[in-house]
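Participant: The amino acid sequence is not available; the structure is as follows:
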């Protein structure tokens with residue numbers, strides 16, 4: 001895998017493109033894929049499978065993804081999940097672009113030489129400038145995990161879960177310079193379960209988006225998709241800003257439903273955490289504990305012994321916290337800093353008789 005600055009020499013001719021996946025390049029549309037995280041890799045996999053069938057109308061001419069970065073505890077520099085998946089599928093490493101920014105002149109020059117007809121984006125994570133969008137003759141189409149124009153932006157699934165909405169979906173839309181504002185080719189609605197966490201919902205929506213894309217590719221290639229695509233109603237647009245680590249802190253002053261939705265929305269990264277006090281009942285000495293909240297649910301039938309002043313209580317294997325407006329949050333799994341995730345009962349036993357109160 002090469003950076004864009006090293007790729008110019010590779011594109012003096014396009015003969016290598018014909019070697020993957022087919023030698024019949026003149027009869028196939030030249031599609032380029034842009035994506036980075038694991039959910040994007042699932043879309044790429046669907047495109048690889050569709051391109052490999054005997055009567056496929058397209059081939060994957062190139063892949064654009066984020067540069068290798070340090071991941072995991074060892075911070076080992078590794079390719080993006082999309083890069084790794086492409087390599088695992090036998091895609092030529094010299095057809096994988098990894099520009100820092102999509103507007104780099106060396107990248108634009110090399111990419112333009114490929115003469116792509118269509119670009120597909122799925123969580124690429126980089127802004128596409130006008131000079132890039134002008135390259136593919138059939139345009140650029142994005143898989144966006146929301147019912148556009150709702151939840152435009154970087155975190156549509158997390159913000160939808162945080163808001164507690166009951167319905168979301170995935171949209172297939174043309175990419176324009178304004179963020180997620182292009183005409184919508186197709187959409188699919190999905191109901192949101194009260195217990196599902198954002199990472200799992202995101203995975204599901206991109207799987208649904210992959211099916212939507214494969215279904216609509218013929219109309220995109222023949223141009224009829226542009227005719228049927230519907231302009232978005234700007235008056236109904238809402239936005240889903242990027243999540244910051246500072247948002248991970250919870251407050252028991254909020255209702256249990258609000259906290260529960262936030263726990264589901266921020267699962268994985270950045271997670272959600274609280275500060276609680278472990279109090280010795282004999283000496284009244286207390287120790288403040290930072291606790292990462294992993295899994296919760298709203299408790300609609302609280303233990304009758306709990307009151308607003310009692311702090312947390314273990315009931316039926318779960319920690320129950322009084323919250324705002326007389327509501328109660330049931331905490332099922334927690335994690336101490338540097339420790340493994342444990343269930344609430346195991347954490348409670350580790351307190352060794354100390355009471356747990358809100359800070």
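Facilitator: Cool, got the structure. Only a predicted model underlies this, so the values are computations on that prediction, with no experimental measurement involved. Residues are numbered from 1 along each chain as shown.
Participant: From here on, just use CA atoms for contacts and neighbour counts.
Facilitator: Noted.
Participant: where along the protein do the helices fall?
Facilitator: With DSSP state H, the ranges of helices along the chain come out as 38-52, 81-88, 105-113, 130-133, 156-163, 198-222, 224-228, 256-265, 344-350.
Participant: In TSV, list these along with mean pLDDT and distance to residue 174.
Facilitator: Output for the helices of the chain, formatted as TSV (pLDDT from 0 to 100; distance: least, CA to CA, whole Å):
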stretch	mean pLDDT	distance to residue 174
helix 38-52	97	17
helix 81-88	97	21
helix 105-113	96	19
helix 130-133	97	10
helix 156-163	98	17
helix 198-222	98	10
helix 224-228	97	8
helix 256-265	98	27
helix 344-350	96	46
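Participant: So which of those is the most surrounded?
Facilitator: Highest mean neighbour count of the helices of the chain: helix 256-265, a mean of 25 (counted as mean count of other CA atoms under 10 Å).
Participant: so what secondary structure elements neighbour that one?
Facilitator: For helix 256-265, the packing partners by 3 or more CA pairs under 8 Å, 6 or more residues apart in numbering; DSSP states H and E come out as helix 156-163, strand 286-299, strand 328-335.
Participant: hmm, 10 Å instead?
Facilitator: helix 156-163, helix 198-222, strand 272-279, strand 286-299, strand 328-335 (3 or more CA pairs under 10 Å, 6 or more residues apart in numbering; DSSP states H and E).
Participant: if we can go back for a sec, would you mind saying which of the helices of the chain lies nearest residue 312?
Facilitator: Across the helices of the chain, residue 312 has its closest neighbour in helix 344-350 (10.0 Å, CA to CA).
Participant: right, and residue 132 touches residue 112 too?
Facilitator: Yes. Contact status for residue 132 versus residue 112: in contact at 8.4 Å, counting by CA atoms under 10 Å.
Participant: Report the contact partners of the residue nearest to residue 244 when sequence neighbours are not counted.
Facilitator: What sits nearest to residue 244 in space, not counting adjacent residues and going by CA to CA, 6 or more residues apart in numbering, is residue 270, at 7.6 Å. Counting by CA atoms under 10 Å, 6 or more residues apart in numbering, residue 270 touches 243, 244, 245, 246, 247, 248, 249, 263.
Participant: Need the pLDDT of the fourth one.
Facilitator: Turning to residue 246, the model gives it a pLDDT of 96.
Participant: wait, what's in contact with it?
Facilitator: 270, 272.
Participant: how far away is it from residue 97?
Facilitator: 33 Å (CA to CA, to the nearest Å).
Participant: re earlier: residue 107 is nearest to which of the helices and strands packed on helix 256-265?
Facilitator: helix 198-222 (24.8 Å).
Participant: Okay, angle between the closest one and helix 38-52 too, please.
Facilitator: Interaxial angle, helix 198-222 versus helix 38-52 (axes from the mean of the first three to the mean of the last three CA atoms, to 10 degrees): 30 degrees.
Participant: Give the buried residues for stretch 241-251.
Facilitator: Residues 248, 249, 250, 251 are the ones in stretch 241-251 that count as buried (16 or more other CA atoms under 10 Å).
Participant: How about stretch 167-181?
Facilitator: Residues of stretch 167-181 classed as buried: 168, 169, 170, 171, 172, 173, 174, 175, 176, 180, 181 (neighbour count, 16+ other CA under 10 Å).
Participant: I'd guessed the fifth one sits against residue 189; true?
Facilitator: It refers to residue 172. No. Using CA under 10 Å, residue 172 makes no contact with residue 189, being 12.0 Å away.
Participant: okay, and the common contacts of these two?
Facilitator: Contacts common to residue 172 and residue 189, judged by CA under 10 Å, 6+ apart, are 146, 147.
Participant: Residue 113 and residue 107: what is the separation?
Facilitator: Note on residue 113: its distance to residue 107, by CA to CA, is 10 Å.
Participant: Also residue 233?
Facilitator: For residue 233 relative to residue 107 (CA to CA), the value is 34 Å.
Participant: Confidence-wise, which helix or strand of the protein is lowest on average?
Facilitator: strand 69-71 (a mean of 75; mean pLDDT, DSSP states H and E).
Participant: Check the residue nearest to residue 275 when sequence neighbours are not counted and give its pLDDT.
Facilitator: The shortest distance from residue 275 to any non-neighbouring residue, by CA to CA, 6+ apart, is to residue 290 (4.6 Å). Residue 290 carries a pLDDT value of 96.
Participant: do the same with residue 96
Facilitator: 97.
Participant: Please name the nearest non-neighbouring residue to it.
Facilitator: Here the residue nearest residue 96, using CA to CA, 6+ apart, is residue 63, at 4.8 Å.
Participant: which residues in the stretch 1-150 of the chain form strands?
Facilitator: Assigned strands in the stretch 1-150 of the chain, in chain order: 29-35, 58-64, 69-71, 76-78, 96-97, 118-122, 140-144 (criterion: DSSP state E, counting those that start in this stretch).
Participant: Worst mean pLDDT among those?
Facilitator: Looking at these, the bottom one is strand 69-71 with a mean of 75.
Participant: Please tell me how far residue 153 sits from residue 135.
Facilitator: Residue 153 sits 23 Å away from residue 135, going by CA to CA.
Participant: no no, residue 238
Facilitator: In this view, residue 238 and residue 135 are 29 Å apart by CA to CA.
Participant: again, but for residue 34
Facilitator: Using CA to CA, one gets 14 Å for the distance from residue 34 to residue 135.
Participant: what sits in contact with each of these two?
Facilitator: By CA under 10 Å, 6+ apart, the residues touching both residue 34 and residue 135 are residue 119.
Participant: who's more crowded, the two?
Facilitator: Neighbour tally, residue 34 and residue 135, criterion other CA atoms under 10 Å: the higher count belongs to residue 34, 25 against 20.
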